[in-house]
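here you go, sequence then predicted model.
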Amino acid sequence: MNRRLFLALFSLLVAPAVCGLLPGCRKNKPDLPPERARTGARAAYAHTRKILSYGPRPTESAALRNTRAYITDQLEQHGWTVTPQPFTRRVAPLGKQLRFINLIARFGATTEDQIDGLLGAHIDSKFYPGRRFAGADDAASAVGVILELARQLRNEPEKASRIELVFFDGEEAFGQNISPSDGLYGSKHYAQHWRTAARSPSFGIILDMVGHKDLKIRYPSDTPSFLEDALLDAARKTSSLERFTRSLNPIMDDHVALNNAGIPTIDIIGDFSQFGWWHTEADNLRRISRDSLEITLAVTSEMLSTLLRK
Ligand SMILES: [Zn+2]
């Protein structure tokens, strides 16, 4: 073997293996066991693709029913108990009542008084008659991330039994934008319960638009400071700090209902105001990146560990 061929083979085969053993060598990758991270991102992507295969999923659609059945099946396979939470609300822009169904999941036989943290995302896609709006990142990808985290949590039952997973119906407005009277139907209904509970969770994490290529997250200006600290610490540990910035303004999303009910909640949400594809047909599977899903998985998992340690 001549020297040049030896060097080429060395850099191809040996150097990457050695690099994996040196701290700091994989500087731009999340600081996770690499195999677990890649497997997780692949699984979150597969969940996202599966949900999109049902088609647009506004409230009361067959696609949303299929999405709920898929989520339920996946969670039950990993030891979670899933409870539907149905309710009806009048939707002013449509001039009629709609039936909404949230899903709530707890690990095994966990009881309400064990719950310390909430992790949620919305399952509906925006109602756009005559348009094929997939809502890949808004918010099928967030659901994909939570399903994968639920699978991983199975290996940490003590931690899993302190978390409630919640999947909101009716986050999207039926009119143009979310307003005090339109949108956030599921989270408002869900949060109502905690107002009168004997003991309520100490934190909530909402994921929304967390899988797009070139991940850019802008969380609301009124994020509770301990949750902002937990997010930024997790981002630092996973070498993804540059992905996260604080908005100059509050944002109307599912975290608002929980904050109003006294549960401090962060909304980890994509910087939608800067995305030309937000609420368009271009929010499809091509928008989704496994690398971005990997970052969100790592950051959320790290946050849960930190917050549940307290
Ligand atoms: Zn949306």
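Noted; the coordinates are in hand. In this text the structure is predicted, and so the values were computed from the model without any measurement. Residues are numbered from 1 along each chain as shown.

which outside residues touch the helix or strand hosting Ala121?
Here Ala121 sits within strand 117-122, counting by DSSP states H and E. With contact meaning CB atoms under 8 Å, 6 or more residues apart in numbering, strand 117-122 is reached by 139, 142-143, 145-146, 149, 162-172, 186-187, 201-208, 254, 258, 263, 265, 300, 304, 307-308. (Glycine included, C-beta is placed from N, CA and C.)

now Gly204: how far from Asp182?
22 Å (CB to CB, to the nearest Å).

which one's more surrounded, the two?
Gly204 (28 against 18; other CB atoms under 10 Å).

how far away is the nearest residue to the more buried one once chain neighbours are set aside from His255?
In space, Gly204 comes closest to Thr265 once its chain neighbours are excluded; the distance is 3.3 Å by CB to CB, 6 or more residues apart in numbering. Using CB to CB, one obtains 4 Å as the distance from Thr265 to His255.

then His78?
25 Å.

compare those two and say which is more crowded by neighbours.
Legend: neighbour count by other CB under 10 Å for His78 and His255, higher for His255 (32 against 17).

so who does the residue nearest to Gly204 touch?
Leu118, Phe203, Gly204, Ile205, Ile206, Pro224, Leu227, His255, Leu258, Asn259.

now the buried members of those.
Buried members of those, scored by 16 or more other CB atoms under 10 Å, are Leu118, Phe203, Gly204, Ile205, Ile206, Pro224, Leu227, His255, Leu258, Asn259.

hang on, the earlier thing: can you tell me which of the contacts of strand 117-122 are in helices?
Filtering those for membership in helices, criterion DSSP state H, returns Ala142, Val143, Val145, Ile146, Leu149, Gly186, Ser187, Leu258, Thr300, Leu304, Leu307, Leu308.

columns distance to Ile51 on top of these, output as CSV?
Below are the ones in helices among the contacts of strand 117-122 laid out as CSV (distance: CB to CB, whole Å):
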residue, distance to Ile51
Ala142, 10
Val143, 6
Val145, 12
Ile146, 12
Leu149, 16
Gly186, 16
Ser187, 19
Leu258, 23
Thr300, 18
Leu304, 22
Leu307, 27
Leu308, 27
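
which of these sits closest to Pro58?
Gly186 (12.6 Å; CB to CB).

next SSE after the lowest-mean-pLDDT helix or strand in the chain?
Scoring the helices and strands of the chain by mean pLDDT, DSSP states H and E places helix 15-21 at the bottom, with a mean of 43. Next along the chain after helix 15-21, taking DSSP H and E as the criterion, comes helix 34-53.
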